[in-house]
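Engineer: build me a model:
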Amino acid sequence: MPAVSKGDGMRGLAVFISDIRNCKSKEAEIKRINKELANIRSKFKGDKALDGYSKKKYVCKLLFIFLLGHDIDFGHMEAVNLLSSNKYTEKQIGYLFISVLVNSNSELIRLINNAIKNDLASRNPTFMCLALHCIANVGSREMGEAFAADIPRILVAGDSMDSVKQSAALCLLRLYKASPDLVPMGEWTARVVHLLNDQHMGVVTAAVSLITCLCKKNPDDFKTCISLAVSRLSRIVSSASTDLQDYTYYFVPAPWLSVKLLRLLQCYPPPEDAAVKGRLVECLETVLNKAQEPPKSKKVQHSNAKNAILFETISLIIHYDSEPNLLVRACNQLGQFLQHRETNLRYLALESMCTLASSEFSHEAVKTHIDTVINALKTERDVSVRQRAADLLYAMCDRSNAKQIVSEMLRYLETADYAIREEIVLKVAILAEKYAVDYSWYVDTILNLIRIAGDYVSEEVWYRVLQIVTNRDDVQGYAAKTVFEALQAPACHENMVKVGGYILGEFGNLIAGDPRSSPPVQFSLLHSKFHLCSVATRALLLSTYIKFINLFPETKATIQGVLRAGSQLRNADVELQQRAVEYLTLSSVASTDVLATVLEEMPPFPERESSILAKLKRKKGPGAGSALDDGRRDPSSNDINGGVEPTPSTVSTPSPSADLLGLRAAPPPAAPPATSGAGNLLVDVFSDGPAAQPSLGPTPEEAFLSELEPPAPESPMALLADPAPAADPGPEDIGPPIPEADELLNKFVCKNNGVLFENQLLQIGVKSEFRQNLGRMYLFYGNKTSVQFQNFSPTVVHPGDLQTQLAVQTKRVAAQVDGGAQVQQVLNIECLRDFLTPPLLSVRFRYGGAPQSLTLKLPVTINKFFQPTEMAAQDFFQRWKQLSLPQQEAQKIFKANHPMDAEVTKAKLLGFGSALLDNVDPNPENFVGAGIIQTKALQVGCLLRLEPNAQAQMYRLTLRTSKEPVSRHLCELLAQQF
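Structural biologist: Numbering: from 1, shown residues only. Below you'll find the predicted structure:
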């Protein structure tokens, strides 16, 4: 409602509103409204002409009644009459009534258009603004046709007032959105761009909104706006909050205009003019710098305005994707928001980082936040934030972290919201296929996927795993063994039965040599699921049975008995009946040779694009193509997703022991082709260790070990021998570790990847993995300068007796490291005995002629060789009592150094290496773990108990192991993590 002044107070309206508010019931309100409507109707129809004040008052009453939810079917003509008044208040009420109540198809539109034309021609800025507001509010096509040509002239006219220009720009924007074809592009387009230089900030704000909309359809007509937008943005960003007082919002200068300018710049590629581009980069750096400054106000409005500009700046940086420094800075800034207490900021940060992850310049920077993102996936309460975290994990996945990310997404899938489970399943399937070098891991992942979320595993997913298993000889035996074990579960999902039926029908002979997986056992296992399955799955199983007759003639009589059963030959489903009849006849009539020809093994599938990726694109919508088509192709990757699928006939099969991290400079050599004899392909289905007979591929431990330096056949210890030990300096030849070495080491106790050290010259990154008593570590040395490092020599040194406790084999690196380049060093590690001190890493080089050296503690601690051990509560307490000697226990009570969060604590304990045992401790707040430290000489059992006290912010940590030094050392290591 318009403001009521003393001389223009509509007393009748005030009384009517008061009466309505005082009504005690709905019926009383309707009665009072009907009485007022009858009074107004009589006044409008009366013989006595009403003056402008009365018309205004009664039209206001009708407007109020309409806003209460009642229909108004008269009074429109009186409102139109008010438009011809010369009084502002009367004209204002007339336009307000028309904007709210008049339909765009009303018969009065022509009368209204005439009144609007008169006001636009009056050159009275107040009346012109009222008319423009009405056009924008009604926004009908008829109004657009009447005024689309006039409004641009008003907008660019030199004598138009600022308020009129502002209203004209917004009115034209409204008409263009409603009917783009009605707004003519003419010479006014070049002049409207110069409104970005207008002195009035309101005019600039309105003009930016209009130009942003227009340039999306006609970018060339408005290309000159880039330099003007950068200039205006530069002035705003560099201004103090006192410079633009009327447009400063909670100490942030012109936040809305800044955001609009940044969005306008996203409509175009980076500026070609070097001066303009330099000025824009300076603006973006200034915004990023201001984000690091302490807030000038604690009000939420201040942080919202500041963050709005920051996020739009980051969007522009991502859009340009040409400034590596800005992209990395943007990633680091977003990383700070990932742990912000405000949910909206965490959501926006995750969403923006999804886009950053696709840039070759910022992908590595995004990956440094993987632990935070995984923690968000586990602990976030808001499902939308969890979904964005899953999207980001998918986007940042590459060879180096695929196993970790797939594992976390599988774990999240067990508790994920039902609405997004199918999407998570598709993403896991795509990642497992795309980054699978060890295809046994791929098979395990897909089968685990079916076990966890079988209802959401579409046909495309399990079709794809069958194609890959069929096309790769090296994984067929392992797949048969694994699926056979999976089918033994009491509750088995139908998709698992489909996969098992196909794989055993094709490759069941590869595991038939073991009596525990003999042909009759395989058939009985599959047939036990037959009556629980749908018609389609039964049909597949019947095809498996006839394949069994060809593979295993000894099962022929049993299977023919099943096919002869009345439930098959007289089945109500015609497909099952036809298969049973045809398969029975085929097995009875055909000779062995004919049967072998008809039922021979499936040939490799033709090369094709993965249908899983296509399905995910369809599910995410048409705009998701760029996010899913990851341009960061690993040249050494065997990418069979989104491309072509290699077949054994055209592509050499990679070894199951190929690079698990994808960090080697060159791809691994192909393994020799598997022999075709069935006797050489037998797999021990039930053994935990290596098979006694020759197996299809090495066990995971053998595969892991085979990636180390190849040993001489007669000398197993050559595997860990240093090629040139005499060239390495001893502990006395190197300086002491840097002061912060212990702090840097502690950061890696519960994690394996990250930045170990960084200064202005050098960055050292670490990626490592450990299995049993073996480990592999990749050290990345990055030259942060533009000057080449000379005589670069990183060396691992064993202080004290560590040489007899830990064997470390290092590979030499290049002696020169170019400016901005990175070199990689591989370390193969074997734990011989328990140890207390880590090895030292000495790095020496010459920079600009001056010698440089530093010594760090290598992040190899005894807990890296932890093997998690699951045990029941009874077994745990029995073992706990056995380790009751005083020297076997180490206990520490300490104050919490970090917020006491149960999920974070759980994650740290899992990262430490122990298995967490549920329902063991009577107090559910306590954590209980168990594991075995694997060394070459012996195994050290370890039990731990962590008791948090949230009120006192204290912990009590108790460890019991079979060796006293190990207990004390583990207790010290773990206590420092909390």
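Engineer: contacts only, for the closest residue to Pro324 other than its chain neighbours.
Structural biologist: The spatial neighbour of Pro324 that comes closest, neighbours along the chain excluded (CB to CB, 6 or more residues apart in numbering), is Phe361 at 4.0 Å. Yep, even glycine has a C-beta here, placed from its N, CA and C like the rest. Shown here is Phe361, whose contacts under the criterion CB atoms under 8 Å, 6 or more residues apart in numbering are 321, 323-324, 327-328.
Engineer: ok, Val860 - how many residues close by?
Structural biologist: Neighbouring residues of Val860 were enumerated by other CB atoms under 10 Å; the total is 26.
Engineer: helix, strand or coil for it?
Structural biologist: Secondary structure, DSSP: H, G, I helix; E, B strand; the rest coil: Val860 is coil.
Engineer: residues in contact with it?
Structural biologist: With contacts taken as CB under 8 Å, 6+ apart, Val860 has the following neighbours: 775, 777, 806, 808, 829, 838-839.
Engineer: where does the residue nearest to Pro324 fall, phi/psi-wise?
Structural biologist: phi -80, psi -30 (degrees, to the nearest 10).
Engineer: before we move on, the earlier item: just among the contacts of Phe361, which is most surrounded?
Structural biologist: Highest neighbour count within the contacts of Phe361: Leu327, with 23 neighbours (other CB under 10 Å).
Engineer: now it: phi and psi?
Structural biologist: Here Leu327 shows phi and psi, under degrees, to the nearest 10, equal to phi -60, psi -40.
Engineer: residue contacts, the residue lying closest to it once chain neighbours are set aside?
Structural biologist: The spatially closest residue to Leu327, leaving aside those adjacent along the chain, is Ser362, at 3.9 Å (CB to CB, 6+ apart). By CB under 8 Å, 6+ apart, Ser362 lies in contact with 324, 327-328, 330-331, 356.
Engineer: closest to Lys881 among these?
Structural biologist: For the contacts of Ser362, the residue nearest Lys881 by CB to CB is Cys331; the value is 51.3 Å.
Engineer: SS state for the closest residue to the closest one other than its chain neighbours?
Structural biologist: Using CB to CB, 6+ apart and skipping the chain neighbours, the partner closest in space to Cys331 is Ala365 (4.0 Å). When the structure is reduced to helix, strand and coil (three-state DSSP), Ala365 reads as helix.
Engineer: and the pLDDT at Ala365?
Structural biologist: The confidence metric pLDDT takes the value 88 at Ala365.
Engineer: contacting residues around it?
Structural biologist: Residues in contact with Ala365, defined by CB under 8 Å, 6+ apart, are 327-328, 331-332, 356.
Engineer: next step: the residues you listed restricted to helices.
Structural biologist: Of the contacts of Ala365, the ones assigned to helices by DSSP state H are 327-328, 331-332, 356.
Engineer: Val252 against Ile309, yeah?
Structural biologist: Yes: with contact defined as CB atoms under 8 Å, Val252 reaches Ile309; the gap is 7.2 Å.
Engineer: dump the contacts of Phe361 to TSV, plus pLDDT and distance to Leu173.
Structural biologist: As requested, the contacts of Phe361 are arranged in TSV below (pLDDT from 0 to 100; distance: CB to CB, whole Å):
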residue	pLDDT	distance to Leu173
Asp321	85	29
Glu323	85	31
Pro324	86	37
Leu327	89	33
Val328	89	37
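Engineer: ok so, going back, most neighbours of all the contacts of Val860, which one?
Structural biologist: Leu806 (26 neighbours).
Engineer: where does this structure dip in pLDDT?
Structural biologist: In the predicted model, the chain carries pLDDT under 70 at residues 1-9, 47, 104-105, 241-243, 607-733.
Engineer: how is it carved up into domains?
Structural biologist: The record's domain parsing of the chain by the TED database lists 8-73, 101-220, 222-319, 363-596, 737-859, 861-974.
Engineer: same list (those domains) but as TSV, adding distance to Arg341.
Structural biologist: Supplementary listing: the domains of the chain in TSV, determined by distance: least, CB to CB, whole Å:
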stretch	distance to Arg341
domain 8-73	40
domain 101-220	32
domain 222-319	11
domain 363-596	12
domain 737-859	23
domain 861-974	11
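Engineer: determine which of those domains approaches Leu338 most closely.
Structural biologist: Nearest of the domains of the chain to Leu338, taken as CB to CB: domain 363-596 at 4.7 Å.
Engineer: extract the CA atoms of the helix or strand in which Leu909 is found and return them as PDB.
Structural biologist: Here Leu909 sits within helix 902-912, counting by DSSP states H and E. The C-alpha trace of helix 902-912 is given here as PDB (Å, rounded to 0.1, in the frame of the first residue of the first chain):
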ATOM      1  CA  ALA A 902      32.900 -39.600  16.900                       C
ATOM      2  CA  GLU A 903      33.100 -40.000  13.100                       C
ATOM      3  CA  VAL A 904      36.400 -38.200  12.900                       C
ATOM      4  CA  THR A 905      37.800 -40.400  15.700                       C
ATOM      5  CA  LYS A 906      36.500 -43.500  13.900                       C
ATOM      6  CA  ALA A 907      38.100 -42.400  10.700                       C
ATOM      7  CA  LYS A 908      41.500 -41.800  12.400                       C
ATOM      8  CA  LEU A 909      41.400 -45.200  14.100                       C
ATOM      9  CA  LEU A 910      40.700 -46.900  10.700                       C
ATOM     10  CA  GLY A 911      43.400 -44.800   9.100                       C
ATOM     11  CA  PHE A 912      45.800 -46.000  11.900                       C
END
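Engineer: Three-state assignment for Pro603, please.
Structural biologist: Per three-state DSSP, the secondary structure class of Pro603 is coil.
Engineer: please tell me how far it sits from Ala479.
Structural biologist: The gap separating Pro603 from Ala479 is 17 Å, by CB to CB, to the nearest Å.
Engineer: those two: who's more crowded?
Structural biologist: Ala479 (33 against 10).
Engineer: what's the one helix or strand Cys171 maps to packed up against?
Structural biologist: Element membership for Cys171 (DSSP H and E) is helix 162-178. Helix 162-178 is packed against helix 125-138, helix 141-147, helix 150-156, helix 201-215, with contacts defined by 3 or more CB pairs under 8 Å, 6 or more residues apart in numbering; DSSP states H and E.
Engineer: helix or strand: which one has the residue nearest to Leu82 when sequence neighbours are not counted?
Structural biologist: Closest residue to Leu82 in three dimensions, ignoring its sequence neighbours and counting by CB to CB, 6+ apart: Gly94, at 3.0 Å. Element membership of Gly94 [criterion: DSSP H and E] is helix 88-101.
Engineer: okay, the contacts of Phe361 in JSON lines with distance to Gln199 next?
Structural biologist: Supplementary listing: those in JSON lines, determined by distance: CB to CB, whole Å:
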{"residue": "Asp321", "distance to Gln199": "35"}
{"residue": "Glu323", "distance to Gln199": "32"}
{"residue": "Pro324", "distance to Gln199": "38"}
{"residue": "Leu327", "distance to Gln199": "36"}
{"residue": "Val328", "distance to Gln199": "38"}
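Engineer: nearest to Tyr463 among those?
Structural biologist: Where the contacts of Phe361 are concerned, and distances follow CB to CB, Tyr463 has its nearest neighbour in Asp321, at 35.7 Å.
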